[in-house]
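K.L.:
following is a predicted model, sequence given first.
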Amino acid sequence: MRVSVEDLYFSYPGKDVLQGVSLKLEEQEILCVVGPNGSGKSTLVKCIEGLQSPKSGRIMFDDTDLLSLSRIDIARL
């Protein structure tokens with residue numbers, strides 16, 4: 001497994017955006033996330049990139065927990 005998101009939750013003030021999102025992406029796979037405006041597509045990517053901090057859940061890259069790393073360390077991966 002390359003990237004996995006497990007039970008991810010994120011909220012902006014007054015609005016729950018990601019509610020229990022999970023996905024797995026293997027090496028050389030392509031993933032397309034679709035949905036209407038405001039459904040959390042960009043927020044999901046920002047959480048994976050380390051630009052947003054989710055309320056709960058896990059984001060793993062191989063065996064590394066991305067939520068335990070700084071933005072710079074995530075970029076180095």
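P.N.:
It's in.
K.L.:
and the lengthiest helix in the chain, what's buried?
P.N.:
Here the longest helix in the chain is taken by residue count, with DSSP state H as the criterion, and it is helix 41-49. Residues of helix 41-49 classed as buried by neighbour count (16 or more other CB atoms under 10 Å): Lys41, Thr43, Leu44, Cys47, Ile48. (C-beta placed from N, C-alpha, C; glycine too.)
K.L.:
including distance to Gly20 and pLDDT, could these go into CSV?
P.N.:
Formatted as CSV, the entries for these read as follows, by distance: CB to CB, whole Å; pLDDT from 0 to 100:
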residue, distance to Gly20, pLDDT
Lys41, 16, 96
Thr43, 14, 96
Leu44, 12, 96
Cys47, 13, 94
Ile48, 16, 92
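K.L.:
can you put these in a markdown table and add distance to Ser4?
P.N.:
Putting the buried residues of helix 41-49 into a markdown table (distance: CB to CB, whole Å) gives the following:
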| residue | distance to Ser4 |
| --- | --- |
| Lys41 | 18 |
| Thr43 | 18 |
| Leu44 | 13 |
| Cys47 | 13 |
| Ile48 | 10 |
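K.L.:
centre of the chain versus the longest helix of the chain, how much separation?
P.N.:
In this view, helix 41-49 has its centroid 5 Å away from the chain centroid, taken as CA atoms, centre = their mean, to the nearest Å.
K.L.:
and the next element down the chain from that helix?
P.N.:
Following helix 41-49 in sequence order, the next helix or strand is strand 56-61 (DSSP states H and E).
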